[in-house]
Every structure is written in structure tokens, then in C-alpha cells.
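Colleague: Return a 3D structure for these sequence lines:
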Amino acid sequence: MRTWKKSQCNMCGLACGLEMEIENNEIVNVRPDPDNPRTKRYCCRKGRAAKYYQTNTDRLNYPQKRVGNKFIRITWDQAFQEIAEKASAIIREYGPRSFALCGCALASAHSDAAVAKPLMAALGSQYYYGPIGIEFAGNWWSHGKILGDQNYFTEPDEEKNEVLLFWGSNSYVSHQISEARRTIRKFSEDPNRMVIDVDPRMSETARMSDMHIAPQPGSDALLLRAMISIILKRGWQHQDFLDLWAADYDKIIPWFDGFDIIGALQVCGTPYVQIEEFCRILSTRKWGLHQDLGIFCGRHSTLNSYLLVILQAVTGMLCVSGGNIVQDAFKHRGPTTHEEDPAVWRTVKTNRFPVLGTYPAGCLSQEILSDHPQRLRILMTSRTNPIRSFPDSKAMKKASEKLDLLVVIDVCETETTRLADYILPGKTGYESYEFSMFQATYPHVTCQLKHPVLEQTAERKEDAEIWLGIAKAMGVIPPMPEYLYQAAEKSVAENDRITFMLTLSKYIEEHQELAPVMSLIIAEVMGKAMGSAARAMIWAALLTSHLGTTGIIERAGFSMGDKHKQLQGHPKLSPMILMDNVFQAVDDHPEGVVIGISYRETCLPDHIFHEDKKLHLYCDEINNYIQRITPEAEAIVIKGEAEFPMVLSAGRHSDGGHNATMRNPATYQYRQPYTVAINPEDATELNLENSQNVRVVTKTGSVVAPVEYTWQTSRGYALIPHHFGFQFDGKEYGSGINEVTAAKDMDELTGNPTLRFVPCRIEAVERS
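Modeller: Okay, here's the model as predicted:
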């Protein structure tokens with residue numbers, strides 16, 4: 001018998017609402033969920049292909065241990081015990097800097113991080129390597145400098161924007177904004193609204209645009225400096241906004257005063273008339289910006305993001321309704337980590353600092369391969385494949401082989417699992433409870449708890465439970481008294497979880513040494529009562545959410561209700577009682593719930609965290625950096641060199657339906673997404689035929705792939721998808737693009753890898 005169940009997509013951070021048709025414990029059909037409050041009747045083809053992610057020949061079913069060159073099946077108890085003994089011995093000998101955590105927080109699955117990160121901290125380590133260290137570090141660092149907290153970054157207020165600006169983003173294909181195609185079409189077809197796209201290539205999004213700005217690859221920082229200079233020279237800045245909110249506007253004027261605008265735009269390859277009109281539009285209309293990998297992984301990654309925030313500020317569109325707003329989330333993504341704080345570790349080999357607690361991905365292989373006595377020796381990963389997805393795959397493979405202990409949690413075989421010492425099989429978000437913190441459609445704050453739509457298969461465990469097993473085996477959580485388990489079970493049975501929290505709080509008061517691992521204790525004790533550590537973690541996350549004291553929750557219709565009337569005046573307990581009611585609604589409605597409504601009118605003051613409640617537009621790091629962004633200096637790099645005359649973008653968003661999480665090639669069986677996309681005029685000059693195999697050579701190595709002629713790509717610019725170079729069901733699919741990227745090529749400020757500007761040459765492969 002077939003039944004429809006509600007869930008959420010596992011493939012990207014938008015986590016669109018899905019309905020899944022289940023038969024014989026398998027997904028047989030998928031459609032958008034009309035009841036999801038964020039995405040309604042919308043999802044892309046990646047979500048519709050969920051059955052290929054869930055059921056495939058490479059799924060992992062039981063714990064395995066490497067013995068020589070083979071893996072043998074072991075029990076969970078043996079796996080936890082041996083991992084704990086080996087990790088504890090290494091940490092005792094070499095200290096906590098020998099241990100690093102990698103991955104966790106898959107785009108739409110964050111429960112593992114809620115357990116793994118407290119475990120990492122309890123072991124004394126600060127080393128966390130994750131997706132933030134590949135993409136977002138420069139953007140979140142920039143907002144942290146200007147707003148005062150790295151957790152808050154701006155996105156378009158699509159409901160009220162007059163102009164929707166995409167920079168380095170092909171959102172019509174990659175999505176990354178809510179209901180992307182529906183939203184872009186709406187703007188494109190409205191005569192009173194505009195889409196503007198900044199991208200070297202004529203992407204699908206650019207084709208939908210009213211204005212397409214096509215700078216030379218790698219010239220974004222130069223273009224931004226020229227644009228802000230034009231706005232200030234013309235007197236188009238929003239002076240009232242700057243006078244009211246900026247603490248140091250006068251200090252950034254020298255960055256732009258007297259700048260060679262004409263020379264800069266010539267290097268960028270952008271007509272002055274077009275850029276001046278672009279600046280006029282941004283100075284006179286309400287606009288919102290979505291930036292993506294073209295900026296995040298390009299040259300001058302952090303400076304690009306910083307200048308885009310400055311552009312928002314000088315036009316008066318920073319954190320204002322109708323401009324760029326901050327999406328409120330029910331939980332912070334991590335700790336704001338200030339690099340000047342002596343308590344914040346720097347990596348021992350590369351001297352790099354974390355952003356939002358996350359270290360640059362390019363550092364990982366270098367920190368393992370180092371001969372430093374405090375080098376990394378233990379790596380535990382969850383839902384990530386660093387051998388293929390981190391820069392310089394060859395170095396990452398060599399580093400993995402040098403580790404004293406590599407523990408990998410994943411749902412299927414990967415390049416990283418094949419080198420592991422222990423492989424631990426995780427459940428997908430369709431087999432377990434799961435949640436994401438990235439759930440918002442401004443001004444609404446939403447929350448969705450995925451319930452399992454499939455029954456237990458083989459010996460897989462949810463990731464949060466696996467991390468909990470390691471924590472208990474390592475002694476991070478001592479045995480808990482039986483009365484706590486009984487209190488948890490009673491609170492769940494009676495639907496009165498606050499009573500358990502009071503009992504647990506009293507226990508922690510009596511055992512202060514356990515306060516740092518309280519979240520792990522909740523996962524253990526409440527997880528048993530709820531039947532899921534992940535379910536317990538979202539309850540704890542909501543219960544302690546900072547939104548509980550903002551009034552945002554009440555605006556969505558929630559109240560403390562009739563429970564615990566005597567406690568409702570308590571300043572600490574009142575928000576918990578309120579948020580416990582929110583959890584109940586979320587748990588009762590797997591389609592998702594609007595749990596808060598943000599205040600449009602106070603978006604800016606609510607999200608400035610400097611003590612003076614002002615924007616800090618100036619910082620020394622940017623001041624020292626921006627002086628080097630001149631037409632003369634940039635022209636040399638952008639022109640290229642004789643050995644590598646073209647630029648490779650190591651990654652391309654396309655409509656093929658493939659991504660790094662979805663390894664199963666059945667999702668694109670009627671397409672050929674693994675190609676080198678180049679401009680036909682470049683192909684003619686190189687005497688290359690369409691579909692002919694070519695070799696793309698960089699300073700790091702080479703890959704071979706068929707040529708794809710496309711007018712979408714600008715001259716001198718080649719693109720290869722970053723989702724290939726994997727083995728599935730014993731067959732090889734393409735070559736990994738990170739075979740030709742270098743770990744050392746990273747942004748000098750925050751360490752984002754420079755994956756979208758890789759000098760290369762393209763050669764024909766002789767036909768056999």
C-alpha cells in the first residue's frame with residue numbers, strides 16, 4: 001500500500017518541503033509539499049530525485065574496520081570502544097591540537113553538529129573544518145566586522161525589493177533563494193521591477209536579467225571599487241543613512257577618492273556608460289543582493305564581500321526593508337571568533353584563524369602533512385568527502401593516509417570512506433529525525449523537523465546518535481543517574497518537558513563540572529525518551545533560542561499558554577516555556593511551522609552588535625588590502641601568463657541534477673554534465689571540435705573531459721563541474737576538479753579557496 005508522507009529536501013540549504021510516496025519502505029515518488037510554509041508547491045529536480053540518494057548500491061549498512069587493505073564488519077560497541085581508546089591515547093600523547101572535526105551540518109541536516117561540536121570542545125580542541133571554510137568565510141567575516149557578529153549576513157528582501165541583484169550567482173539553476181525560478185521570473189516579467197546579473201558568462205540567470213554586467217573573470221574587486229567611487233564622485237550616496245548609522249564613514253572615503261575609475265573599468269572590460277547607469281539604479285531604487293560562489297571562491301574573496309556590504313551602506317540599503325535584510329534563525333550557526341582574541345587558536349602550519357569557529361578548508365591537508373609536533377593526527381568526519389571536495393585532492397589523499405586515526409560517518413561509500421580506519425553508517429534525513437537552522441522566508445522565521453518516512457534498515461544509526469556513542473565511550477559523558485531517565489520519560493509521556501528541564505538544571509547545579517556537556521546529556525537522556533537524539537537536540541535548540549526574548553515568536557501567534565503559571569514571570573524560564581510550546585507545534589507538524597515574524601522596521605538596529613550601535617565600515621585589514629587593488633596591478637594578473645593563458649572555474653552550476661551529496665548517476669542518465677564548457681571562439685582558435693576530449697592543465701595537475709561549446713561562457717573562461725571524479729558501483733565517473741586546484745591558493749584574509757580563478761591551458765587529447 002502506498003502512502004504519502006511529508007519531509008524536506010536533503011540536497012541544499014533551501015531544504016524545500018517535499019511529500020514522499022512510500023511503498024514497501026522505499027521512496028517511489030516525490031512532489032513539492034503544498035503545505036510547507038516556506039516553499040509551498042516548489043522544489044527543483046534534485047529534490048524530486050531523492051529516491052536515488054536514498055536507495056543505491058553504495059549505501060553503507062554496518063560499521064566497518066580497516067584491517068590491512070580490507071574492511072571487516074564489526075559491532076557498534078566494538079567500533080565505539082576502539083575509536084575511543086585510540087583517540088584518547090593519541091590526545092593524551094600529543095594534546096588536543098592533534099584532533100580535528102570535519103564536515104557535519106550538511107546543508108539541510110544540522111543535528112550531527114549539535115552533538116559533534118560539543119564533543120570536540122569537551123576534548124579540548126577548537127579545530128573544526130566545514131563548508132563555511134570553503135564558501136562563506138569572507139562574507140561572514142565582513143558582516144562580522146561591520147555589524148559586530150559573524151552570525152548575521154544580508155540577503156534580498158524579495159517581497160519588497162524593486163531590483164534583485166545577483167553577483168557571482170546563477171540562482172535560476174543553483175536556486176539558493178527561496179522559490180528561485182518563480183521569484184526570478186516574477187521580477188523579470190514585472191515592468192516596475194528589475195533583475196540585474198553580474199557574471200562573466202551569459203548564464204541562465206543573466207538571460208532572465210534586465211541588465212547583464214559581464215566583467216573579466218577575477219576583476220570583481222576592481223569593479224566594486226570603481227562603482228563605489230562613481231557613487232561618491234556623483235554625490236549619489238545616501239548621506240542621511242550614513243550620518244545616522246555609520247561610525248566611521250569619513251575613514252573609508254580615501255579608499256575611493258581620486259581612484260582611476262576609467263582605467264579600472266577598462267581592465268574589467270565593462271563600459272563606463274553601463275556601469276554609471278548601474279550605479280544610478282542602485283542609488284535610487286530599493287535593491288537586494290544575492291552573492292554566491294563566483295564571489296565567495298573568486299579572487300579577493302573577502303574584499304569582494306566586504307565591498308558589497310559597503311555598497312549596501314553607501315546606497316542606504318543595508319539592513320532595511322525593501323533592501324538587504326538579515327534572516328533571523330532560531331539558533332546561531334556558531335561562535336563569532338575574533339582573530340585578534342589570543343584564546344582563538346591559529347593553525348600551527350599555516351597560521352590561519354577561524355571564522356564562525358570554522359577553519360579554512362585549504363589548511364586541512366597542510367596541517368596534517370606538517371612535521372610540526374602539534375600536527376593533526378586524528379580526523380573525524382560526518383557527511384563530508386574532503387578527499388574530493390576540499391582543494392588539492394592529491395594532497396588531501398596523502399594527508400588522509402598519514403593520519404593516525406580517520407573515522408568517517410556517511411550514508412554511502414565515498415573516496416574518503418575508502419581510506420578510513422573506521423566507517424560508521426549513518427541514516428539519511430528520510431530514515432531519521434533531522435532539522436536545519438537555515439529556515440526563513442523573510443520576514444517569516446520557520447522551523448521544520450523532518451520525521452522518518454522510512455523504517456529502520458540494516459544497522460544504520462542517525463548521526464547524532466553515532467557522535468553520542470563516541471562521546472560516551474570516550475568518557476565525555478559519565479553514566480547518568482536513573483532518575484534523570486525516568487524524569488525524561490515521564491515528561492514526554494505527560495507532554496510536560498519543562499519539568500524535566502528543571503530536574504536536569506538542578507542536577508547540573510550540583511555537578512558544575514558537567515555544565516559544558518549539558519547539551520550532550522540532553523541528547524543522551526532526552527534522546528532516549530524521545531526516541532531520537534536529533535529530536536532532543538532541536539527541542540534543546542528551540543528551548544534556548546535567543547528569539548524567545550525578542551517578541552518575534554509572539555508575533556507568530558505563540559504564547560506561554562496555561563502550563564507552569566507560577567513560573568511564567570521568571571526571566572529565564574518564561575522564554576523556555578514559550579519555546580517549548582513552539583517545539584510542540586513543530587513536532588506536531590512535519591510540514592513546517594512559522595514560528596516567528598521579524599520586525600522589518602528595526603532590522604538594522606536589531607542586528608548591529610557593536611557597543612556604540614553603529615556600523616563600523618572601516619577596518620585596518622581592508623585598508624591595507626584595498627590600496628593594492630589598482631588598474632595597473634590587476635591588469636597583470638587578469639591578463640594571465642603564457643603557460644596558462646585561460647582561467648578555469650573549478651565548479652559550475654548546471655541543470656543536470658547532480659551534486660556532491662547526490663552521487664548516484666541515475667539522476668542524470670539522459671544528460672552529459674561532465675564537460676569542459678568553453679566559448680566556441682576559443683574552441684575554434686584551439687582547433688577543438690565539440691565533444692572532443694581535452695586535457696585541462698594547471699600548475700597542480702590535469703584532468704580530461706569532453707569539450708562543450710557554449711555561448712554562455714566568456715572568452716578565455718572555462719568551467720568544469722565540481723561534482724565528479726567519483727566511483728559508484730565500481731565504475732569511475734569523470735575526474736575530480738580538485739585534482740587541479742591548489743590548497744595554498746586561498747584568500748589572504750580569511751582563507752576561502754580560490755576555486756573560481758585557476759590559471760590553466762587546454763590541450764587536445766590525441767584520439768586513439
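
Colleague: partners of residue 165 in the sheet?
Modeller: With DSSP bridges as the criterion, residue 165 is bridged to residue 196, residue 289.

Colleague: got the contact list for it?
Modeller: 156, 195-198, 282, 287-290 (CB atoms under 8 Å, 6 or more residues apart in numbering). C-beta here means a position set from N, CA and C on the backbone, and glycine is covered the same way.

Colleague: Throw the residues you listed into CSV and include distance to residue 497, neighbour count and pLDDT, thanks.
Modeller: Output for these, formatted as CSV (distance: CB to CB, whole Å; neighbours: other CB atoms under 10 Å; pLDDT from 0 to 100):
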residue, distance to residue 497, neighbour count, pLDDT
156, 37, 26, 97
195, 46, 26, 98
196, 48, 21, 98
197, 48, 28, 98
198, 49, 25, 98
282, 49, 22, 98
287, 44, 24, 98
288, 39, 25, 98
289, 41, 25, 98
290, 38, 20, 97
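
Colleague: so where's the protein uncertain?
Modeller: 656-659, 767-768 (pLDDT under 70).

Colleague: biggest helix in it, by residue count?
Modeller: helix 76-94 (DSSP state H).

Colleague: what's the first-to-last distance across stretch 293-305?
Modeller: In stretch 293-305, first residue to last residue: 11 Å (CA to CA, to the nearest Å).

Colleague: which residues sit against that stretch?
Modeller: 134-139, 141-143, 167-169, 199, 217-218, 220-221, 224, 291, 308, 622, 625-626, 629, 637, 649-651, 653, 747, 749-750, 752-757.

Colleague: and those, which of them are in strands?
Modeller: 167, 291, 649-650 (DSSP state E).

Colleague: nearest to residue 596, of those?
Modeller: residue 291 (25.2 Å; CB to CB).

Colleague: for the longest helix of the chain, packing partners?
Modeller: Secondary-structure packing of helix 76-94 (3 or more CB pairs under 8 Å, 6 or more residues apart in numbering; DSSP states H and E): strand 64-67, strand 99-103, strand 378-382, strand 405-410, strand 422-425, helix 463-473.

Colleague: want to try CSV for these, with mean neighbour count and distance to residue 532 as columns?
Modeller: Below are the helices and strands packed on helix 76-94 laid out as CSV (neighbours: other CB atoms under 10 Å; distance: least, CB to CB, whole Å):
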stretch, mean neighbour count, distance to residue 532
strand 64-67, 16, 24
strand 99-103, 25, 20
strand 378-382, 27, 16
strand 405-410, 24, 16
strand 422-425, 25, 17
helix 463-473, 25, 8
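
Colleague: closest one to residue 38 among those?
Modeller: helix 463-473 (23.4 Å).

Colleague: ok, residues contacting the following helix or strand past the closest one?
Modeller: Per DSSP states H and E, the first helix or strand lying C-terminal to helix 463-473 is helix 482-493. Helix 482-493 is contacted by residues 496-500, 503-504, 507, 521, 525-526, 528-530 when judged by CB under 8 Å, 6+ apart.

Colleague: For the residues you listed, pick the one with the most neighbours.
Modeller: Of all the contacts of helix 482-493, the highest neighbour tally under other CB atoms under 10 Å goes to residue 526, namely 27 neighbours.

Colleague: chain center to the strand or helix carrying it, what's the gap?
Modeller: Per DSSP H and E: residue 526 is located in helix 518-530. Its chain's C-alpha centre and that of helix 518-530 lie 27 Å apart, by CA atoms, centre = their mean, to the nearest Å.

Colleague: what angle sits between it and helix 482-493?
Modeller: Angle of helix 518-530 versus helix 482-493, following axes from the mean of the first three to the mean of the last three CA atoms, to 10 degrees, is 60 degrees.

Colleague: Now do the helix or strand following helix 518-530 against helix 463-473, angle only.
Modeller: Once the chain leaves helix 518-530, the next helix or strand it forms, by DSSP H and E, is helix 533-543. Per the same axes, to 10 degrees, the angle that helix 533-543 makes with helix 463-473 is 90 degrees.

Colleague: can you list the domain ranges for the protein.
Modeller: The chain breaks down by automatic domain parsing into domains covering 157-319+611-625, 641-764.

Colleague: Turn those into CSV, columns for distance to residue 515.
Modeller: Output for the domains of the chain, formatted as CSV (distance: least, CB to CB, whole Å):
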stretch, distance to residue 515
domain 157-319+611-625, 27
domain 641-764, 32
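
Colleague: between these, which gets nearest to residue 349?
Modeller: That would be, of those and by CB to CB, domain 641-764, which comes in at 10.9 Å.
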